[in-house]
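Visitor: whatever this is, show me its structure:
(4 chains)
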Amino acid sequence: MAKEPSEQIIWDEERGEPEFGFLRPHFHQEIFPTSQIVGYVLSLALTLTSFLLVIHRTFSASPLLVAILILAGGQAGVQVGIFMHLRESRGPAWQVVPLFLGFFIAGGMIAMSIWIMMFKWGGY
Amino acid sequence: MSLPVDPKVIPKPPVPLEFSVKAESIKITGFWMFLVSDMLIFASLFSVFAVFRSRIMAGPTPNQIFHYGSTLLETLLLLTSSFTVGMAIFAMRKSHAKVMMAWLVLTLVLGAGFVATEIHEFVTDVQHGITWHVSGFLSGFFVLVGTHGAHVSFGIAWAVTLLFQLSRRGLTPVTSRKLYTFSLYWHFLDIVWVFIFTFVYLFGKIT
Amino acid sequence: MPKRGGFFLVCTRPQTRLWLLVAAGTILMPFISGCGSHYVLLHPAGPVARRELDLTVYAAVTMAVIVAFVIALLILTLIRYRDRPNNPHAYTPEWHDHRLMESLWLIIPAVVLAAVAIPTVKTTYALARLPKGSHPLVIDVTSLNWKWMFEYPDQHIATVNYIEIPTRRPVLFELTADSPMNAFWIPELGGMEYTMSGRVLPLWLEADRQGLFWGRSAQFSGIDFEKMLFHVRAVSTPSFNAWTAHIRHSKPAMTLDTYHRLLRFNTVGVEEYSSYPRSAFPSTTHGFGLSGGMYPVMSNHPQKN
Amino acid sequence: MSFMAVYLFYLYMIHTLFPENVRQPTELGADVMIIGAGIIIVSVLTRYKKWRWLWSEWLTTVDHKKIGVLYLISALAMLFRGGVDALMLRTNLALPNIQPIGANEYNEVFTTHGTIMIFFMAMPFIFALFNAVVPLMIGARDVAFPRLNAISYWLFAFGALLLNISFVLGGSPNAGWTAYAPFTERAFTPGVGENYYFMSLLIAGIGTTMTGINFLVTIIRMRAPGMTFMRMPLFVWTTLTTSALIIFAFPPLTVALALTLIDRLFHASFFTLGHGGMPMMYVNLFWLFGHPEVYIVVMPAFGIFSEVVATFSGKQLFGYTAMVLSVVAIMLFAYGTWVHHFFTMGAGPSVNVFFGLSTMLIAIPTGVKIFNWIFTMWGGRIRMTVAMLYQIAFIPTFAIGGATGVMFAVVPVDYQLHNGYFLIAHFHNVLIGGTLFGLLSGMHYWWPKMFGFSLNERLGKFAFWLFFIGFWITFTPQYMLGFEGMTRRLYTYPLGYGWHMLNVISTLGAFTMGAGFVVLVYDIVWSLFKMPRDATGDPWNGRTLEWALPSPVPEYNFARVPVVTSRDMFWWMKRHHATIADQLKPNDIRELELPKNSPVPFILGLGFFIFGFGMVFEWWLLAFLGLAIIIGSLIYTGFDYDEHKQVSAEEIRHIEQSLGRLQG
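Guide: Next comes the predicted model:
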């Protein structure tokens, strides 16, 4: 396959005209739903871990918070990566860019709002 | 004049049914964009909740209103339903329409269980005079969790109409695309719930 | 081709030239009329306003340099490359890239902005703190619908829509509201800050000359917000002390009833009170907002506890 | 002396126009105008039997070009409404202590002026141009989701209608276009006015978000073969970044509006004074949206200017890569600067310094763009068309607006100038000099493509000079009023401040701009009847693909999707003596599948309108009726598999032949 994206033109039979885009499909077909089951087990494990960590108060407050947030992030990764077939697309998986930009902006929005609303005046 | 570029015609590789028609695959991309936008709705609500978390006033504290048992139950229901809808997509790609419908119905039952538990919790709260009028914290809590609940309820209604369409038309590029976008929506709600579970309930337990 | 100068090439038709002249005259007239005393921001009466004015002028001049350069370049371009017969200047339709020039106008604005940014940071932090070793006069400011209530916790007097302050002594305004948001602003003394219920924000100002200044709300808060005007008289310290003593001895006390009367949606004139209910200021904050590390200075006031 | 004459003239005019015994002249005027316009429209439609035509050609259309026209008409109507509001404001402030309209009416008018200009003028104007040209520029047959596109339009239109009927029914919003809590809580604004504001913006906001999604996906997925990202025209790039900004920025607004509405209608405690409410969070959320919104409305103008300057200089855009990078940089930075709208809320020096510096940072890519535009002209052949005049006026205007913007990023300066007339002048400088000039430039530029005839250049230039000169006469005094300490939203002022002189000048300028608008409308009407049809489809010697098509464009846009090999593809084709027709052989034309007209978007919009109206007045039955219509039409679309119609190859061949675009 050639590397130049502009040169790879795929014939779209339905329309009888060329379709632009380098089709880089990431579809994978499984015989047995291994990834689904692995994902389910992982998600249960992550949730129960964070729940037990909090119930038994394994760490003090702030490390605990960091720990459960990391576990929640892992959970999101499991859902997006395994169940939502993030990289699957016809053509380049463009959804990845806005999705991660969105994660970044959402995180910034929450963190910054907390920072602003604290009203920490530089002490007198 | 001929085409400026000699098109190197590549045969189309096999793709799943829901991606097989270009117009339908574009709708999947569009749905991802919608999810990003919806994610920011939830992010805004999370930042509202984060700021209002300490504004308890005369109202109850998080520990007084959160029932960890039912919350854990809700979490398990939703995680399981996420798995079942994943299995529905798996079956769809295997073209097992009947199996797929079964998984989908199971998903709906689990989702309905989630919504029922949440409504029960809310109704109990309101009966004890715990409403969003009482404090900023409760306002943030009810609207954040309630928005998620409303999303789940909408998803259930949507899936019911999908069931009708699937049973009438079987698996076509259009119906399979609709089911696929529904599965994206459902997993997305699962992620949001995980963050609600962590950020609202578990964090409330810590402090 | 006779060489014709300047901006007039942009619009060669006589009517448009006339219009331009009229416009220029109209725009310039107020400038020519001079910066009279109406320009309150240009006549600061205290160190805070003066620093802010200095920075304003500095930023304006710095930016004006860039703007002037851009406009000059634009006019030059228009003169040289206007589409007219026999234009002697080269037509280069494919010229679209010049690495050096492009990086140049990335770097120059960055440098200019850095020149603005450094004093910004310095002054912002400097104005957030009272001058070292100063002993400020504290005034608690509450914005009501549509009036200003002032309490002097140290002198224990209260006024409405009017304050007196001593010159050459920093005044610490503690701003809150029992109403929608307003912004507390005395332009000749310095910048504004919002008054918000549930928050107490500090703002320090100082007058270094005697005089009568006006202040007003700069944030829209309802139908009569336009009348949220108050006056500040800066006097010498002895006169200030005499004024507080006069009020303490000859004016009525403010009761909670008086305060509730002030809470009504109306406007009032100047009022003066020899004392005020101890709970009036913090209670307006509905019992929160004083915590959270944003206002440590509060605990210094014995009257408040 | 001349000012004395102006004084007297003004006093005379005001006392003639607004006698004291007439109560609420604005409301009466609005009633008369709305009822009169309604009667005229209905009678004309009935007289010429145009109802069916209106329904089948316009109200149910899903064609992006027609939706673009609908957006444009709405935007111009709203520009008129917002402009009249502005003139009323300026009249009220022309002299001290005159009150042709009272305080409450003044508050309503400045609120609707701001709201309409931002949400119901600038946004639809932008979408008009997006719809009109973006699919053509990228060589697409339509947008990604045509029916969704129509839904977006009707949500916008009914949102705008909801806001506009507030003047007649129940009272307008009167808390400013920002609607800061807690003033917008029930305790302080008990009427239905604010409900109108929140509800109409929510409805229009949903439509806007969907437009953002639509165009983002269109550009990502629907480009013609060979149209790589770095070959896209810059207007397409700015559409892309604007759409991304919309997707990321509108959610906080939706949340802020919804929470206040919940407070107002269902007694929650978000932004109230009691029960732990925190109004600052509203401000925070609003500007989390509001700052990106500034770039949402100005970035399309950047794109328009990039196209206009290249076309009328006859030269490639200078520094294309730098332009693209700066657009993307602006998009990213736009999310990190929102606190500069409320420095004086006192979040602390560290917060303020952080956001002050990030605001200055955003000036750098903007500066890069300005220099690149100037150097696009450098070495070109500049044709002074109306579109180009707006472009040339834009550069100094926007540079000055940007410079005063940097002054606001200097935190201590902001402390003095915030909420004053310097601020008013600054953002009008950016919004009129940037956005409005850009949109008018784009309108003149693409008008022949949208309607098939150009606008009259002479009249256009006249309107331009009135706008441009009027603009500076209006806002230069306002910069100075800022230094005189005049704060915004005052409905009147006493004589003692010395503000009157500058206010008179400013009002004169505003009326000059109003005259400019009248000339513009006259220009449009005159051109509609008198201008010759544009037969070539390329009146400006354009560079991008839309000019390769006939004007107006046939429904299917491209009989055969072009293959793109270079930036400014049409320019390349003209240089190589190739036309679209050269590529088109009769046998290449195939049967096409086009989206079919649908009544759903209109009915859905109507459902939202009824729902919104019910919510405003808390008539729950009506709200449920609206909700039922919404749900019903959603279910209907879900089960509707008949979204397309076939256009036969023969038909297309016939159309192309009649346009002279077919070989053989």
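
Visitor: now do the strands in the stretch 201-305 of chain C.
Guide: For the stretch 201-305 of chain C, applying DSSP state E, counting those that start in this stretch gives strands covering C:201-205, C:211-217, C:229-235, C:271-273.

Visitor: could you pull out the buried residues of the third one?
Guide: In terms of neighbour count (16 or more other C-beta atoms under 10 Å in any protein chain shown), strand C:229-235 has its buried residues at C:230, C:232-235. In this view, the C-beta of every residue, glycine as well, is placed from N, C-alpha and C.

Visitor: do it and chain D come into contact?
Guide: No - applying C-beta under 8 Å from any C-beta of the partner chain, one finds strand C:229-235 separated from chain D by no less than 9.0 Å.

Visitor: now the first one
Guide: Yes - applying C-beta under 8 Å from any C-beta, one finds strand C:201-205 touching chain D at C:201-203.

Visitor: and chain A, is that strand touching that?
Guide: Yes - Strand C:201-205 comes into contact with chain A (C-beta under 8 Å from any C-beta), by way of C:201-202.

Visitor: name the residues that touch that strand?
Guide: A:119, A:121, A:124, C:46, C:48-49, C:130, C:136, C:170-176, C:184, C:186, C:189-190, C:193-195, C:294-295, C:297, D:346 (C-beta atoms under 8 Å, 6 or more residues apart in numbering or on different chains).

Visitor: could you name the helices and strands sitting against whichever strand or helix holds C:Glu193?
Guide: Assigned by DSSP states H and E, C:Glu193 belongs to strand C:190-195. The contact analysis (3 or more C-beta pairs under 8 Å, 6 or more residues apart in numbering or on different chains; DSSP states H and E) places strand C:190-195 against helix C:47-81, strand C:137-144, strand C:171-177, strand C:182-186, strand C:201-205, helix D:411-417.

Visitor: could those be laid out in CSV, adding mean pLDDT?
Guide: Formatted as CSV, the helices and strands packed on strand C:190-195 follow (pLDDT from 0 to 100):
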stretch, mean pLDDT
helix C:47-81, 94
strand C:137-144, 90
strand C:171-177, 88
strand C:182-186, 94
strand C:201-205, 87
helix D:411-417, 93
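
Visitor: dump these to CSV, plus mean neighbour count.
Guide: Shown next, in CSV, are the helices and strands packed on strand C:190-195 (neighbours: other C-beta atoms under 10 Å in any protein chain shown):
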stretch, mean neighbour count
helix C:47-81, 18
strand C:137-144, 24
strand C:171-177, 23
strand C:182-186, 27
strand C:201-205, 25
helix D:411-417, 27
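
Visitor: what about the residue of the stretch 51-200 of chain C found nearest chain A, distance to C:Val48?
Guide: Going by C-beta to the nearest C-beta, chain A is nearest to C:Ala128 of the stretch 51-200 of chain C, at 4.8 Å. According to C-beta to C-beta, to the nearest Å, C:Ala128 and C:Val48 sit 11 Å apart.

Visitor: what's the overlap in contacts for those two?
Guide: Counting by C-beta under 8 Å, 6+ apart, C:Ala128 and C:Val48 have no common neighbour.

Visitor: which helix or strand contains the closest residue to D:Thr366 other than its chain neighbours?
Guide: Once flanking residues are discounted, D:Thr366 sits nearest to D:Gly402: 5.9 Å by C-beta to C-beta, 6 or more residues apart in numbering or on different chains. Counting by DSSP H and E, the element that carries D:Gly402 is helix D:386-409.
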